[in-house]
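[1] Predicted model follows, preceded by the sequence.
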Amino acid sequence: MSDSDHSLPASVLDPLDARLADLVALYEDLHRNPELGFHETRTAAEAARRLTEYGYEVTTGIGGTGVTGVLRNGPGPVVLLRADMDALPVTERTGLPYASTVAGRMHACGHDVHVTCLLGAADLLAAGRDRWSGTLIALFQPAEEVGNGARAMLDDGLYSKQLVPVPDVVLAQHVAPFGAGLIAYCPGACMAAADSLEITFHGSGGHGSRPETTVDPIVMAASFVQRVQSVVAREVAPKDQAVVTVGSFHAGDSANVIPDQAVVRLSVRSFDETVRSRVLAAIDRIARAEAAASGAERAPETEILDSFPVTVNDPATLREVNETFTGLFGEQRLFAYDPASGSEDVGLLATAVEAPLYYWWLGGWEPEEFHTALAAGRLAQDIPSNHSARFAPVVRPTLTMGVQALTTAALSRLDPARD
């Protein structure tokens, strides 16, 4: 962007103050009414309604509940902005006046922030279309939390059926538990690949008083849980990164009955395909070895529950967008962070058409509380993370910054209008 274009983001952002009250009301409504993956019908309907009102070509029902809005505004680049819509099966404990009204469901990862900010940016960019040229895609994705939403939209013909034009760049953001008003970024691999597995160990059940007549799958699976902890410590080089977490263990219903099977669920995180393959192979090897050591007649069965790819930021796109962020927000508002072990499926929307991706973190916590906890070394204790029942982004300036960031990022990739 040339010096003569520096005023472009600011002029398009001018109407934001007048629209903010409506966006706050939208955010609170979305937070009260969370919907799980592939069931985001109410959220999707509101996104479609607003996009239609703003003048976008709207398509609904992509991959189940996905929504896209396309605004064609002359020649130029095609820019895709993405927000995920789904909530989590978490019982809210924030005490907010606009807390979830749906039992056992909560926007504990901030996707209500994402939807609100993208609708705000879509509104501003449509209203300011005389200032830029190109094509804008606003994409509202289902089911990010289970890792299937982006894939479902692609499989349903997002690009292959030309439901939207092929983007030249994909941009997205995620609210995080650091000070509101800040943006964090990470070049290259920024979020881990994730594989969720279910392993069923088969034994031979019987009476608890006669274990010698059984092959105990609980002992088999428990030995596996202990041994699998050594995979990262002993089979992954210190320079590499991986995480193996066993999050679920189910077996039996009675104290005096040895069951026929035990089911273990675990999550694997990695940043490199070679490391990922090595860890998954080790898990399979250990599961089979423990079954053999226990004398099981059947090998364990492994099912892949979901899988996220590594999220990779394009360094050139990151640098160019950050230049615009710095011009608008100031250099002190941006900081680099290390790759996160969390996972995302937004990268599929880019890699499917070999488009560059930039995915950044948006601060969402009350700034004074965050800095107090940081100074005391108590971030983990005092600042609830994403997926916590107490996760509660502060409305302002989170929404303001989020709308500004998406709008500014899009403008940095679109062409300025020619007089």
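    Perfect, thanks for sending it. Residues are numbered from 1 along each chain as shown.

[2] Past the helix or strand bottoming out on mean pLDDT in the chain, which element shows up next along the chain?
    The weakest-scoring helix or strand in the chain, judged by mean pLDDT, DSSP states H and E, is helix 7-13 (a mean of 83). Proceeding N to C from helix 7-13, the next assigned helix or strand is helix 16-32, under DSSP states H and E.

[3] Run the chain-centre distance for that next one.
    The chain centroid and the centroid of helix 16-32 are separated by 22 Å under C-alpha atoms, centre = their mean, to the nearest Å.

[4] and Asp195, what is it in contact with?
    Listed by C-beta atoms under 8 Å, 6 or more residues apart in numbering, the contact set of Asp195 reads 267-268, 276, 280, 304, 306-308. Yep, even glycine has a C-beta here, placed from its N, CA and C like the rest.

[5] Which ChimeraX command selects the buried ones in those?
    Applying 16 or more other C-beta atoms under 10 Å to those leaves a buried subset, and the ChimeraX line that selects it is:
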select :267,268,276,280,306,307,308
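
[6] In helices, which of the contacts of Asp195 appear?
    276, 280 (DSSP state H).

[7] Can I get the contacts of Asp195 in TSV including pLDDT?
    Converted to TSV, the contacts of Asp195 look like this (pLDDT from 0 to 100):
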residue	pLDDT
Ser267	95
Val268	96
Arg276	94
Leu280	97
Ile304	93
Asp306	86
Ser307	85
Phe308	85
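
[8] The stretch 101-250 of the chain: strands as residue ranges?
    In the stretch 101-250 of the chain, the strands defined using DSSP state E, counting those that start in this stretch lie at 132-141, 169-179, 183-185, 188-191, 193-202, 206-207, 242-251.

[9] tell me which of the contacts of Asp195 is nearest to Ser100?
    The closest of the contacts of Asp195 to Ser100 turns out to be Asp306 (C-beta to C-beta; 23.7 Å).

[10] wouldn't the closest one be in contact with Glu145 here?
    No: using C-beta atoms under 8 Å as the test, Asp306 is too far from Glu145 to be in contact (9.2 Å).

[11] so the spatially most central residue of the chain is in which element?
    Nearest to the mean C-alpha position of the chain, by C-alpha atoms, centre = their mean, lies Glu344 at 4.3 Å. For Glu344, there is no helix or strand it lies in under DSSP H and E.

[12] how far away is it from Ala350?
    11 Å (C-beta to C-beta, to the nearest Å).

[13] Point out the most buried one among the strands of the stretch 101-250 of the chain.
    For those, the stretch with the most neighbours on average is strand 132-141, a mean of 26; neighbours defined as mean count of other C-beta atoms under 10 Å.

[14] which residues sit in contact with Ser248?
    By C-beta under 8 Å, 6+ apart, the neighbours of Ser248 are 263-266.

[15] of all those residues, which comes closest to Leu182?
    Leu266 (33.5 Å).

[16] can you tell me which of the contacts of Asp195 are in strands?
    267-268, 304, 306-308 (DSSP state E).

[17] Including distance to Thr245, could these go into CSV?
    Formatted as CSV, those follow (distance: C-beta to C-beta, whole Å):
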residue, distance to Thr245
Ser267, 5
Val268, 8
Ile304, 16
Asp306, 14
Ser307, 15
Phe308, 14
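
[18] Now flag whichever of the residues you listed is closest to Leu26.
    Of the ones in strands among the contacts of Asp195, the one sitting nearest to Leu26 (C-beta to C-beta) turns out to be Phe308, at 28.2 Å.

[19] wait, doesn't that closest one sit right on Ala193?
    Yes: using C-beta under 8 Å, Phe308 is in contact with Ala193, at 6.0 Å.

[20] hey, where'd the helices end up in the stretch 251-400 of the chain?
    With helices called from DSSP state H, counting those that start in this stretch, the stretch 251-400 of the chain shows them at 273-293, 315-329, 347-351, 367-375, 379-382, 395-413.

[21] correct me, but Phe205 touches Ile258?
    Just so we're on the same page, residue 205 is Gly rather than Phe. Yes: at 4.9 Å, Gly205 and Ile258 qualify as touching, with contact defined as C-beta under 8 Å.

[22] Assess the claim that Val310 and Ala193 are in contact.
    Yes: judged on C-beta under 8 Å, Val310 makes contact with Ala193 at a distance of 4.5 Å.

[23] which residues do these two both contact?
    Contacts common to Val310 and Ala193, judged by C-beta under 8 Å, 6+ apart, are 270-271, 273.

[24] Now the buried members of those residues.
    Counted by 16+ other C-beta under 10 Å, the shared contacts of Val310 and Ala193 give 270-271 as buried.

[25] Helix, strand, or coil at Thr43?
    Counting by DSSP: H, G, I helix; E, B strand; the rest coil, the backbone at Thr43 sits in helix.

[26] With His111 as the reference, measure out to it.
    9 Å.

[27] out of these two, which sits in the busier spot?
    Taking other C-beta atoms under 10 Å, Thr43 and His111 do not tie; His111 has more neighbours (29 against 26).

[28] Next one: the more buried one from Ser294, what distance?
    43 Å.

[29] Same question for Pro165.
    56 Å.

[30] How about Pro97?
    54 Å.

[31] Which pLDDT does the model give Met4?
    Careful, residue 4 is Ser; it's not Met. Per-residue confidence (pLDDT) for Ser4: 42.

[32] hang on, the earlier thing: list the residues that contact both of Gly205 and Ile258?
    Common neighbours of Gly205 and Ile258 (C-beta under 8 Å, 6+ apart) are 214, 217.

[33] Gly377 - how many residues pack around it?
    Gly377 has 9 nearby residues by other C-beta under 10 Å.

[34] Revised request: answer the last question for Arg49.
    Arg49 has 13 nearby residues by other C-beta under 10 Å.

[35] Let's verify it: helix, strand, or coil?
    helix.

[36] re earlier: show me which of Pro165 and Ser294 is the more surrounded one.
    For Pro165 versus Ser294, neighbours defined as other C-beta under 10 Å are more numerous around Ser294 (19 against 14).

[37] pLDDT score assigned to the residue lying closest to the more buried one once chain neighbours are set aside?
    Nearest residue to Ser294 in three dimensions, chain neighbours excluded: Met220, at 4.3 Å (C-beta to C-beta, 6 or more residues apart in numbering). Met220 is assigned a predicted lDDT (pLDDT) of 98.

[38] Quick check, Met220 in contact with Ala296.
    Yes: under the criterion of C-beta under 8 Å, Met220 makes contact with Ala296 at 6.4 Å.

[39] Since that was my last question, I'll sign off now.
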